[in-house]
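**Q** when you get a sec, could you give me coordinates for this:
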Amino acid sequence: MTLAPDPARPVPALEVLVPGAAIAARVAELAAAIAAGAAGAPVVLVAVAAGGEPLAADLARALGSTASLRRAELDGRAGDPRRGSLRVRLDAGPPLAGAHVVVVDDVVETGLTLHAVLRALAATQPARLEACVLLDRPYRRLAARLPLAHVGFVAPDVDVVGYGADVDGLGRDLADVCRLARD
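**A** Got it, this is the predicted structure:
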């Protein structure tokens, strides 16, 4: 566990909210739904930065040879005028034009970042563009009409870490999704 890289920093208490086994079962269901929607066409999974990578990798394994992976890096922050507009940079990989593209992220809250990523990728003219997130917080939504085709779980309004989600860069590698107890 990487919640305390500094030995002087105590490891915070964690409460498991979604065990790894439940995540694995839900990933299998999400992959089946994505495969059904793709109807045999190849799928390009685009992980949103580091947070989306664990889910995207597990979805790719479940989808098998019909899936490929890309990563979207973000510059700036959606909805934060102090940091300018959000720019989306894709790594090298299969083209998105004409493909069945699924944007994959760990947590969606306001939806502003995911909306910006979807808007940027729509310009590449995929045949189909949809989003898949592990954790949804719909009660924090600011983006209107956010097309979440695939949602793993609805998350409570608490700080969570694990399976891609982090707080201050910590806890992303945990197999479970855990509530981070704060003093």
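
**Q** I'd say Ala49 and Arg71 touch.
**A** Yes. Here Ala49 reaches Arg71: they are 7.4 Å apart, a contact under C-beta atoms under 8 Å. Heads up, the C-betas are built off the backbone N, CA and C, glycines and all.

**Q** and those two? which has more neighbours close in?
**A** Neighbour comparison, Ala49 and Arg71: the larger count goes to Arg71, with 19 against 16 (by other C-beta atoms under 10 Å).

**Q** so in terms of bridging, what pairs with the more buried one?
**A** Going by DSSP bridges, Arg71 is paired in beta bridges with Ala47.

**Q** just give me the neighbour total for the closest residue to Gly171 other than its chain neighbours.
**A** Leaving aside its sequence neighbours, Gly171 sits nearest to Val161 (C-beta to C-beta, 6 or more residues apart in numbering; 2.8 Å). Neighbours of Val161 under the rule other C-beta under 10 Å: 25.

**Q** with the one 4 residues further on instead?
**A** Neighbourhood size, Ala165 [other C-beta under 10 Å]: 22.

**Q** spit out the contact partners of it.
**A** Residues counted as contacts of Ala165 (C-beta atoms under 8 Å, 6 or more residues apart in numbering) are 51, 106-107, 134-135, 171-172, 177.

**Q** got a list of what the residue most central in space within the chain touches?
**A** Per C-alpha atoms, centre = their mean, the C-alpha nearest to the average position across the chain is that of Asp105, at 1.0 Å. With contact set as C-beta under 8 Å, 6+ apart, Asp105 has these partners: 47-48, 51-52, 55, 113-114, 117, 131-134.

**Q** kindly report the same for Asp168.
**A** Contacts of Asp168 by C-beta under 8 Å, 6+ apart: none found.

**Q** and it, how far from Val160?
**A** Using C-beta to C-beta, to the nearest Å, Asp168 is found at 13 Å from Val160.

**Q** identify the residue nearest Leu180 in space, chain neighbours excluded?
**A** Leaving aside its sequence neighbours, Leu180 sits nearest to Asp159 (C-beta to C-beta, 6+ apart; 4.3 Å).

**Q** pretty sure the one you found contacts Gly171?
**A** No. Between Asp159 and Gly171 there is no contact under C-beta under 8 Å: 9.4 Å.

**Q** overlap in contacts, these two.
**A** In contact with both Asp159 and Gly171: Leu180, using C-beta under 8 Å, 6+ apart.

**Q** more neighbours: which of those two?
**A** Gly171 (24 against 16).
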